[in-house]
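**Q** sequence plus predicted model, see below.
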Amino acid sequence: MTDTSKTTESRRTALIVGASRTLGLGIAAEYLRRGWEVIGTVRGTHRTGLHDLAEEAGGRLTVESLEMTDPAQLTALRDRLAGRTLDLLFVNAAVTRGDLPIGEVPTEVFTEVMVTNALSPMRVVDVLGPLVPPTGTIGVMSSDQGSVSLNTEGGQDLYRASKSALNQLMRCHAARTTGDPRTLLLMDPGWVRTELGGPDAELSVEESVPGVVETIERHHGTSGLHFLDHRGEVVPW
């Protein structure tokens, strides 16, 4: 996987938060394939697929430990990355905790999913965003399940609500930072066969990831907030 077409100085750098497996791991691998330097985060210190990928990456992949729901760990990561420039900051991490009607969801589960899927990604954007230059991109993995107008079938109440909250919070961020030339993206990877998507999903990780990365790249330099899917199509709010 070693890339010799670009010098270290000319390579762009991506930080992928939540890159230990499935979509996050696939996105890290795709950026390596495209010649980028990649920093990927994992929870805890156990070995993951990202560590295996790092061994093949010729020094272009750095693995960092981060529990993004812990503000102290987030601050520590920012301090470790001080002086680095991130051409892309992408937050992939999320959880789901079953498909219950919202009235049956225990309060602690509601809190966990909302903190992980909505609050924590925005903390990442706030804390690590200053490392992204005016020409850079800040992206967060969302879902078409976060679309209010597309919800005609119901189900997955809590997960849907957490992604809708994430979308709204990104719009708040964009409104608060009007005039910021950086690209802001909410990405829908499609229905993918992951722990979140389930075994019956229509896309494999290998089918989704190239489209996600190509969409991110195609919108490089396009300021403002965009909600897009892996085919580059606009997802309705």
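**A** That came through, no problem.
**Q** drop to CA atoms for contacts and neighbour counts, all remaining ones
**A** OK.
**Q** what's the longest helix along the chain in contact with?
**A** Ranked by residue count, the top helix of the chain under DSSP state H comes out as helix 157-176. Residues from elsewhere that reach helix 157-176 (Cα atoms under 8 Å, 6 or more residues apart in numbering): 96-97, 99-102, 105, 110, 113-114, 117-119, 121-122, 142-143, 145-148, 184, 186, 224-225.
**Q** same check, this time on stretch 120-127
**A** Here stretch 120-127 makes contact (Cα under 8 Å, 6+ apart) with 68-69, 71, 74-75, 78, 89, 91, 93, 138, 140, 166, 169-170.
**Q** ranges for the helices of this protein?
**A** Using DSSP H, the helices of the chain run over 22-33, 49-56, 71-80, 107-114, 120-128, 157-176, 205-218.
**Q** span of stretch 147-155 from start to end?
**A** End-to-end distance of stretch 147-155 (Cα to Cα, to the nearest Å): 13 Å.
**Q** and stretch 98-105, by the same measure?
**A** End-to-end distance of stretch 98-105 (Cα to Cα): 9 Å.
**Q** so, low pLDDT: which residues of this structure?
**A** Applying pLDDT under 70 to the chain flags residues 1-9.
**Q** on that earlier part again, highest average neighbour count across the helices of the chain?
**A** Greatest average neighbour count among the helices of the chain goes to helix 22-33 (a mean of 22), per mean count of other Cα atoms under 10 Å.
**Q** give me the helices and strands touching that one, please.
**A** Contacts defined by 3 or more Cα pairs under 8 Å, 6 or more residues apart in numbering; DSSP states H and E place helix 22-33 against strand 13-17, strand 37-42, helix 49-56, helix 205-218.
**Q** and it with helix 49-56, angle?
**A** If you take axes from the mean of the first three to the mean of the last three Cα atoms, to 10 degrees, helix 22-33 sits at 10 degrees to helix 49-56.
**Q** just the C-alphas of helix 22-33, formatted as CSV.
**A** The C-alpha coordinates for helix 22-33 follow below in CSV (Å, rounded to 0.1, in the frame of the first residue of the first chain):
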residue,chain,number,x,y,z
THR,A,22,-16.4,-1.5,8.7
LEU,A,23,-17.1,1.9,7.2
GLY,A,24,-14.4,3.9,9.2
LEU,A,25,-11.8,1.3,8.4
GLY,A,26,-12.8,1.3,4.7
ILE,A,27,-12.6,5.1,4.5
ALA,A,28,-9.2,5.1,6.1
ALA,A,29,-8.0,2.4,3.5
GLU,A,30,-9.5,4.4,0.6
TYR,A,31,-7.7,7.6,1.6
LEU,A,32,-4.4,5.6,1.9
ARG,A,33,-5.1,4.2,-1.6
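**Q** need the contacts of stretch 120-127 in CSV with distance to T41, can you?
**A** Shown next, in CSV, are the contacts of stretch 120-127 (distance: Cα to Cα, whole Å):
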residue, distance to T41
M68, 9
T69, 13
P71, 15
L74, 11
T75, 14
R78, 12
L89, 12
V91, 10
A93, 10
I138, 16
V140, 14
L166, 20
L169, 23
M170, 21
